[in-house]
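Let me see the structure of the following:
(2 chains)
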2 protein chains.
Amino acid sequence: MYGAKDGARGLEGTFMWFMEEVGELSAAMRGGTHLEQVLEFADVLAWLATLANIAGVDLEQAMQAKYGLGCPGCKRSPCVCGTQHKP
Amino acid sequence: MYGAKDGARGLEGTFMWFMEEVGELSAAMRGGTHLEQVLEFADVLAWLATLANIAGVDLEQAMQAKYGLGCPGCKRSPCVCGTQHKP
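Residues are numbered from 1 along each chain as shown, chains lettered A, B, ... in the order given. Have a look, this model is predicted:
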């Protein structure tokens, strides 16, 4: 939807926009309405997808690569790792 | 996959984990391999989805609500807003 602008903005500029939206999400989670939270989550995900596009990463394939077989630690879903371990 | 742990960690603790992964993504984009970037994008998205779950937000519905009709500014896809406007 925003391919031409994304290319012109570049990775660093796009990261700053992404972080601005992360800040707005934090504020919405602290005191916003449910709808405000919904819209801020959408913005953060949209800018994350934009960053991924610029970096040449497919978010869906990335999720499959990291989490497609369950928890990367214990290989189970739901995770049965001890709470002292990530995540 | 991580429902029980997410509930115990809470919103604030989960946000801190999310931010740690954002920092790792930033580092990977600056100097990591493509595979490292792929895995960090997956981690950031996974923690964003966890935050959304705790906040009672469905990420897919959120994207549809905000961007389902194209750019929220110009209602077009690709966006034709002027570059002085967000995003």
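
average pLDDT across stretch A:54-68?
When pLDDT is averaged over stretch A:54-68, the result is 91.

do stretch A:14-32 as well
96.

Buried residues, it. List them.
Within stretch A:14-32, the residues that count as buried by 16 or more other Cβ atoms under 10 Å in any protein chain shown are A:Thr14, A:Phe15, A:Trp17, A:Phe18, A:Glu21, A:Val22, A:Glu24, A:Leu25, A:Ser26, A:Ala28, A:Met29, A:Gly32. For every residue, glycine as well, the C-beta is placed using N, CA and C.

quick one: which of the residues you listed is nearest B:Pro78?
Distance to B:Pro78, by Cβ to Cβ, is smallest for A:Thr14 among these, at 16.2 Å.

rewinding a little: check the buried residues of stretch A:14-32 one by one and keep those near chain B.
A:Phe15, A:Trp17, A:Val22, A:Leu25, A:Ser26, A:Met29 (Cβ under 8 Å from any Cβ of the partner chain).

just checking, the fifth one touches B:Phe15?
Going back to what we said before, that points to A:Ser26. Yes - if you go by Cβ atoms under 8 Å, A:Ser26 and B:Phe15 touch, sitting 6.6 Å apart.

Check which helices and strands the helix ranked longest in chain A sits against.
Criterion DSSP state H: the longest helix present in chain A is helix A:3-31. Contacts defined by 3 or more Cβ pairs under 8 Å, 6 or more residues apart in numbering or on different chains; DSSP states H and E place helix A:3-31 against helix A:34-55, helix B:3-31, helix B:34-55.
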